[in-house]
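Chemist: My questions are about this predicted structure, shown below with the sequence.
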Amino acid sequence: MNKSLLSASLFALALAAPLAHAHEAGDILIRAGAITVNPKADSSSVKVDQGPLSGTNLGGKATMSSDTQLGLNFAYMLTNNIGIELLAASPFEHDVKIKGTALPAANGKLGTLKHLPPTLSAVYYPMESASAFQPYVGLGINYTWFFDTELTSEAEDAGFTGLDMKDSWGLAYQVGADYMLTDNIMLNAQVRYIDIDTTGTTYAGQTKVDVDVDVDPFVYMVGLGYKF
Ligand code: NI
């Protein structure tokens, strides 16, 4: 084979090689990975919410620990550049801590809670579908459902009863990127900021106390995806 024929053959092969193209209208993308919810947890001070002392400011703040779970994305491409996406995850569990209140017994680890933060987003992929690299931005609606809220036994021994967190609706902002390893398999990394605002309520003896918490977490996920 002479040199020009060889290069012509290689050129033909290169043209025939499948492009690792991504993200066309009608595609379904499923991603799975490790997802971390890291609450900012800016909170109001703790307040009495009942009776003659209602509104009394007990000071202090609530904080929440971070947690990592299994995250899932289900995405459907409406066009080559716009998709809708649902974020799902196994339930997150966070410690709730109170510090600096005028109720010494309340300070420390008050309890734990679980939540699920399903989020439905519109996502824009600016690159052409032939690109293996597909960065994106998204805007969505989040509903956060709090459940299994439990006081620590120490808090119960100190006279607290019940722990309730109000569910939250809010906006969710995201940036992320897929990198197609093959026609179907992708690497993915994404970051979200979710506006989650809640009110935590408990009873100190007979006295209802509550605290407003802007959970407002950054949510990080890295994983793999598959395109159908
Ligand atoms: Ni907020």
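Modeler: Everything's here; your move.
Chemist: Please make it C-alpha for all contacts and neighbour counts, starting now.
Modeler: Fine.
Chemist: Can you name the residues of the protein sitting close to the ion?
Modeler: The chain has residues 195, 197, 214 near the ion, with proximity defined as C-alpha under 5 Å from the ion.
Chemist: Spatially nearest residue to the last one (excluding sequence neighbours)?
Modeler: Going back to what we said before, that points to Asp214. Distances taken as C-alpha to C-alpha, 6 or more residues apart in numbering place Asp197 nearest to Asp214, at 4.5 Å, with adjacent residues excluded.
Chemist: if you look at the residues of the chain next to the ion, which of them are in strands?
Modeler: Residues of the residues of the chain next to the ion located in strands (DSSP state E): 197, 214.
Chemist: Show the contacting residues for the closest residue to Asp27 other than its chain neighbours.
Modeler: Using C-alpha to C-alpha, 6+ apart and skipping the chain neighbours, the partner closest in space to Asp27 is Met77 (5.3 Å). The contact partners of Met77, by C-alpha atoms under 8 Å, 6 or more residues apart in numbering, come to 23-28, 83-84.
Chemist: buried subset of those?
Modeler: For these, a neighbour count by 16 or more other C-alpha atoms under 10 Å gives the buried set as 23-24, 27-28, 83-84.
Chemist: Of those, just say which sits nearest to Met64.
Modeler: When these are compared for distance to Met64 (C-alpha to C-alpha), Ile84 wins out at 30.2 Å.
Chemist: quick revisit: return the closest of the buried ones among the contacts of Met77 with respect to the ion.
Modeler: Distance to the ion across the buried ones among the contacts of Met77 (C-alpha to the ion) is lowest for Ile84, with 23.5 Å.
Chemist: Give me the neighbour count for the nearest residue to Ala132 once chain neighbours are set aside.
Modeler: With C-alpha to C-alpha, 6+ apart as the criterion, Ala132 has its nearest non-adjacent residue at 4.9 Å, and that residue is Met180. Neighbourhood size, Met180 [other C-alpha atoms under 10 Å]: 23.
Chemist: what about Met180, distance to Phe147?
Modeler: Using C-alpha to C-alpha, to the nearest Å, one obtains 37 Å as the distance from Met180 to Phe147.
Chemist: Next: Val213.
Modeler: For Val213, the distance to Phe147 - C-alpha to C-alpha - is 16 Å.
Chemist: Between these two, which is the more surrounded one?
Modeler: Val213 (23 against 18).
Chemist: in the sheet, who's paired with the residue nearest to Asp27?
Modeler: Gly83 (DSSP bridges).
Chemist: Pretty sure Ala105 sits in a strand.
Modeler: No: Ala105: not assigned to a strand; according to DSSP: H, G, I helix; E, B strand; the rest coil it is helix.
Chemist: what's near enough to touch it?
Modeler: Applying C-alpha under 8 Å, 6+ apart, the residues near Ala105 are 155, 158.
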